[in-house]
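**Q** Give me the fold of what follows.
(2 chains)
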There are 2 protein chains.
Amino acid sequence: MKQAISLEEIYAPIQEYIPDVEATILNILATSNELARAAIKHFFSSKGKLLRPALCLLAAKFDGEINARAIRIASALEIFHSATLIHDDIIDAAYLRRGVSTVNVKWGPQTAVLVGDFLYDRALRTIFDAGIPKVTSLMYETAEQVCDGEILEAKERNNFNLTEQEYFTIVEKKTASLLAMCVEAGAIAGGLPLDDVLALKQFGMNFGLAFQVVDDCLDFTGEEHEFGKTLGSDADAGVLTLPVIRLISLVNEKQKAEVFRIFKSEDSFEKLQYLKDLFAEYDALDYARQRAREFADRARLELSVFCDSSVKRSFEGLLAYVFDRER
Amino acid sequence: MKQAISLEEIYAPIQEYIPDVEATILNILATSNELARAAIKHFFSSKGKLLRPALCLLAAKFDGEINARAIRIASALEIFHSATLIHDDIIDAAYLRRGVSTVNVKWGPQTAVLVGDFLYDRALRTIFDAGIPKVTSLMYETAEQVCDGEILEAKERNNFNLTEQEYFTIVEKKTASLLAMCVEAGAIAGGLPLDDVLALKQFGMNFGLAFQVVDDCLDFTGEEHEFGKTLGSDADAGVLTLPVIRLISLVNEKQKAEVFRIFKSEDSFEKLQYLKDLFAEYDALDYARQRAREFADRARLELSVFCDSSVKRSFEGLLAYVFDRER
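**A** Residues are numbered from 1 along each chain as shown, chains lettered A, B, ... in the order given. Have a look, this model is predicted:
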């Protein structure tokens, strides 16, 4: 499937600052510690989408020029996100991240725990040094939400009674809260009026919910590349996502027991096929995508307070991108 | 060996605040997240020495009464320390911590990574909320030093060419920097003059070096209790400490190869016996303890700027305690 809108188009209003962000990230993470340096170099050798800095910069750009503080905050947010990924990869015992081996696999869990801690510390410190107390508080609040969401997710693994509402609470905490913070912090750093800050925060939260729900669908349907993420990894890790929760709510008790047995089986390939067949039968993926569209609609509504501009079109573009992307 | 000076005596000037600290720790860590709550309750069910809050409060007490900010900072420092312990126990795959099972063993590495992150976040946030920017900066600086020291230690495992100087750099970063920060932060929160703050910081750094060197000796010679820490755990983890480094510097090349072989063997009991015999032959433990005494002497010298007081006697008592304790 060809993407209808590309990240390049969406990032256009802030594209000129992206190299700054990439340089600032490496600058913030400079260290004389050889092992940390090697792990950091390795991790950042494969570029992510830089979605979080982009959200931050787009929000900051709403009111004109982008200042140095916004660049540093945007960079710190990507570092914070990277810290959570490095720790996640220990948790999930993942082999690949963005097509390269995880820090956990390459250097072991010791180094992965510590390098994650190192990134986490530098991120929080950079936010603090930016000197906007509201953003510092927000960072602590968000870090806690993310952590809380991940602990909840870990606790609810293989819980076949997980409700949609509980699932959305986890998604809101572990994913949407950080995406919401990115736009909120950018808006604050950019000096936007309070009403606009709040609207953008709500945009970010709903965008984040849509983003994660689609991500959870892509875990079943995305294209598996040679070096990409393994399909069905959520199910393999015992994480129940919306399509599975939907499916369970529709099948009878006997089928539910069978779904549970397959869900817990070691045969990833068989599991994926089985679940995909049942999803098709019960329209579970369509249902999940529909829920994601509802969040995207709410996010779009939040943008209605802004006049038309290239930045606004980028935010709208992000909502389209959520559904167009392959991974 | 009976202890010549007890922690109770040393803590006497601030004993009345210890229950406050214990309550504040639990208060700071209050969460609706059941899994996090269970892990936190479990971890704190077995009391540590509360050495870090005690150092902070003693420093704050130098100038009179202890204020609420000092209590919160002291509590946050214990939480920060606890976060590093929880992550350390993943790194070392340790079974026991203070006589109870580690979070890693009881709930798995996933939860241990996340609960450590949670504690880390709450600690830093509490320090920030205390509203003393100098202490907040110090916390970030220290968190980085601790992390840096641990990464260095991980990197230097089984490096038989590790020098004494490199060992002391690791100890200064991973242990002494936090103990130094505890007294420095307490002194700042207590409103002490800058000269006193700096003297106490230097005290803390040298105390910390002495403390860790003795700890490293105790890993070979301490009393092993039924639920206590396992003797020889550093050597089992491939961590070279001062007695081993000293030994290696004294033996010939052939013996060195033999020490290396034994050091890397899986037989912990044989290894411990072998190393203890060689330590005795080469006075390696005596040498290490002598180096620790030199740091303690430097720490004592830093106290000379203070008039005699119960608090000063407590700081002096801590220097004696380092050498008297059994664990």
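**Q** what about the residue in the stretch 201-327 of chain A positioned nearest to chain B, how many neighbours?
**A** Residue nearest to chain B within the stretch 201-327 of chain A (Cβ to the nearest Cβ): A:Ala237, separated by 9.5 Å. Quick note: C-beta positions are derived from backbone N, CA and C, even for glycine. By other Cβ atoms under 10 Å in any protein chain shown, the residues close to A:Ala237 number 16.
**Q** And the pLDDT for it?
**A** Per-residue confidence (pLDDT) for A:Ala237: 87.
**Q** Excluding chain neighbours, give the residue nearest to it in space.
**A** Once flanking residues are discounted, A:Ala237 sits nearest to A:Asp92: 5.5 Å by Cβ to Cβ, 6 or more residues apart in numbering or on different chains.
**Q** what's the answer for A:Val21, then?
**A** A:Pro53 (4.7 Å).
**Q** And A:Pro53, how close does it get to B:Val115?
**A** According to Cβ to Cβ, to the nearest Å, A:Pro53 and B:Val115 sit 29 Å apart.
**Q** Skip the chain neighbours and tell me the closest residue to A:Gln110.
**A** B:Ile91 (4.2 Å).
**Q** I'd say that neighbour and A:Gly116 touch.
**A** No - applying Cβ atoms under 8 Å as the test, B:Ile91 and A:Gly116 come out as separate, 11.8 Å apart.
**Q** Looking at these two, which is more packed in?
**A** The neighbour count for B:Ile91 versus A:Gly116, taken as other Cβ under 10 Å, is higher for A:Gly116 (28 against 22).
**Q** so which helix or strand takes in that one?
**A** According to DSSP states H and E, A:Gly116 maps onto helix A:103-129.
**Q** continuing past that helix, what's the next helix or strand?
**A** Sequence-wise, the next helix or strand downstream of helix A:103-129 (DSSP H and E) is helix A:133-155.
**Q** near chain B at all, the very next helix or strand once past that following helix?
**A** Going down the chain from helix A:133-155, the next helix or strand is helix A:164-171, by DSSP H and E. No - using Cβ under 8 Å from any Cβ of the partner chain, we find that helix A:164-171 stays clear of chain B, coming within 10.9 Å at best.
**Q** what's helix A:164-171 in contact with?
**A** For helix A:164-171, contacts defined as Cβ atoms under 8 Å, 6 or more residues apart in numbering or on different chains pick out A:149, A:152-153, A:156, A:208-209, A:212-213, A:240-242, A:245-246, A:249.
**Q** And the residues you listed, which two are furthest apart?
**A** A:Gly208 and A:Ser249 (23.5 Å; Cβ to Cβ).
**Q** Among the two, which residue is more densely surrounded?
**A** Neighbours around A:Gly208 and A:Ser249, counted as other Cβ under 10 Å, are more numerous at A:Gly208. The numbers are 26 against 13.
**Q** if you skip the residues just before and after it, what's nearest to A:Ser173?
**A** Rather than Ser, residue A:173 is Lys. Per Cβ to Cβ, 6+ apart, closest to A:Lys173 is A:Gly149, 2.8 Å.
**Q** and that neighbour, what does it touch?
**A** A:169-175, A:177.
**Q** Then A:Ile79?
**A** A:25, A:28-29, A:119, A:122-123, A:126.
**Q** What parts of chain A come near chain B?
**A** So chain A meets chain B at A:31, A:33-36, A:87, A:90-91, A:109-111, A:113-118, A:120-122, A:124-125, A:128, A:136-137, A:140, A:143-144, A:147-148, A:150-152, A:154-155 (Cβ under 8 Å from any Cβ).
**Q** Name the SS class of the residue nearest to A:Val21, please.
**A** At A:Pro53, secondary structure determined by DSSP: H, G, I helix; E, B strand; the rest coil is helix.
**Q** buried residues in stretch A:132-146?
**A** A:132, A:135-136, A:138-140, A:142-146 (16 or more other Cβ atoms under 10 Å in any protein chain shown).
**Q** again with stretch A:50-70
**A** If you call a residue buried by 16+ other Cβ under 10 Å, then stretch A:50-70 has these buried ones: A:50-62, A:66, A:69-70.
**Q** Looking at those, point me to the pair that's furthest apart.
**A** A:Leu51 and A:Arg69 (20.0 Å).
**Q** got the contact list for A:Ser304?
**A** Here A:Ser304 is in contact with no residues (criterion: Cβ under 8 Å, 6+ apart).
**Q** count of neighbours near the closest residue to chain B within the stretch 151-300 of chain A?
**A** Nearest to chain B, among the residues of the stretch 151-300 of chain A, is A:Lys155, at 4.2 Å (Cβ to the nearest Cβ). Look at A:Lys155: counted by other Cβ under 10 Å, it has 18 neighbours.
**Q** can you tell me which residues contact it?
**A** If you count contacts by Cβ under 8 Å, 6+ apart, then A:Lys155 has B:34-35 around it.
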